[in-house]
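Chemist: My questions concern the predicted model and sequence given below.
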Amino acid sequence: MRAARLASTVAIAAVLLGAVTACGSKGGDAKSGDAAAAALTGDPKAALAASALVMQKAGNGKVTMVSPDGSTHTAGSGDADWKDPNRTAVDLTGEVETKKIRFRVIGTDGYLGGGDTEAAAMGGKHWIKLPASNELGNGVLLMSQLLNPVAQLGLAAQSGKPAKVGQESLDGVQVTHLRAVEEASAMVAAMPALTADQRTAVQKSLEEDGRTLTIDFWLNGRQELVQYQEYGDKNGEHDAVTVKYADLGKAAKIDAPAATDLGSETDLLKLLG
């Protein structure tokens with residue numbers, strides 16, 4: 001299942017081997033609150049476009065991915081920065097069996113890393129830069145693009161077929177649930193940071209779940225995206241990976257690992273054990 005393999009790369013790396021308001025810390029004045037409510041109860045495209053502006057202004061936040069197996073297992077959690085659409089940055093930590101594995105993307109560069117125990121097996125190096133030419137490298141690039149809420153909201157507002165599912169309660173908060181249907185090719189076309197070869201590989205990966213994708217968005221009263229799901233027509237909603245957003249504007253700075261702390265590609269199996 002493509003979505004789970006790619007959107008939870010941190011947790012299943014071993015298997016892969018074989019685009020208004022600020023950050024939501026303030027509620028805003030009554031006028032802005034009324035505008036938010038109007039957008040959420042009106043045209044779904046307008047609501048998604050307004051949310052894209054809110055998330056763009058926030059620029060970053062905390063993200064958590066939950067696996068689609070119905071459990072409470074967290075596939076990865078950490079920080080994401082989407083201020084620059086050509087340089088989405090992600091820094092997540094997840095578990096592979098008993099190991100804490102870190103996943104980091106800076107633009108089109110992907111890295112896997114571990115702690116001191118893993119570094120001991122790699123000559124003291126904590127990180128490995130992933131080649132963009134293989135499945136794992138292409139997978140982490142796609143994952144970073146899917147974690148960019150501005151890109152997903154903007155695409156759904158412009159080229160998707162959005163509809164309002166209804167009002168719901170999510171984690172104790174009232175939210176508006178919207179759903180958009182998109183072509184996989186349109187999603188790939190909206191990823192400006194990818195090369196031609198990467199686009200081909202990413203589209204192939206997306207279409208493993210189907211040529212048509214269903215995207216679900218949950219927006220709170222401030223038009224912030226608080227939850228997102230995506231799944232293809234081949235596998236259905238039960239295979240959707242859930243992405244949650246919180247603490248908008250409060251993510252830590254994400255930098256590439258130091259060149260002196262990078263192991264070789266041959267160390268990848270040592271990292272994953």
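Modeler: Everything's here; your move. Remember, predicted model here, so these are calculated numbers, not experimental data.

Chemist: Tell me where the model's unsure across the stretch 101-250 of the chain.
Modeler: 132-138, 190-194, 205-207, 209-210, 234-239 (pLDDT under 70).

Chemist: All the helices of the stretch 151-273 of the chain, in order from the start?
Modeler: With helices called from DSSP state H, counting those that start in this stretch, the stretch 151-273 of the chain shows them at 184-189, 196-206, 268-272.

Chemist: in the shortest one, what's buried?
Modeler: Of the residues in helix 268-272, those buried by neighbour count under the rule 16 or more other C-beta atoms under 10 Å are 268, 270-272. In this view, the C-beta of every residue, glycine as well, is placed from N, C-alpha and C.

Chemist: Give me the lowest-pLDDT entry from those.
Modeler: In terms of pLDDT, L272 ranks lowest among the buried residues of helix 268-272, with 73.

Chemist: Pretty sure that one sits against E95.
Modeler: No. Between L272 and E95 there is no contact under C-beta atoms under 8 Å: 11.6 Å.

Chemist: Which one of the buried residues of helix 268-272 is nearest to K244?
Modeler: Among the buried residues of helix 268-272, L272 lies closest to K244 (C-beta to C-beta), at 25.8 Å.

Chemist: So the closest one versus F103, what's the distance?
Modeler: Distance, L272 to F103, using C-beta to C-beta, to the nearest Å: 12 Å.

Chemist: again with L225
Modeler: For L225 relative to F103 (C-beta to C-beta), the value is 21 Å.

Chemist: got the contact list for the residue positioned nearest the centre of the chain?
Modeler: Nearest to the mean C-alpha position of the chain, by C-alpha atoms, centre = their mean, lies L147 at 1.8 Å. L147 sits next to 63, 80, 82, 88, 90, 243 when contact means C-beta atoms under 8 Å, 6 or more residues apart in numbering.

Chemist: ok, for G61, nearest residue in space, not its chain neighbours?
Modeler: Spatial nearest neighbour of G61, chain neighbours left out: L248 (4.2 Å); criterion: C-beta to C-beta, 6 or more residues apart in numbering.

Chemist: do the same with V63
Modeler: A80 is the one closest to V63 (C-beta to C-beta, 6+ apart), at 4.7 Å.

Chemist: who does the lengthiest strand in the chain pair up with?
Modeler: The strand spanning the most residues in the chain, taking DSSP state E as the definition, is strand 173-183. Applying DSSP bridges, strand 173-183 is found paired with strand 163-170 (antiparallel), strand 212-219 (antiparallel).
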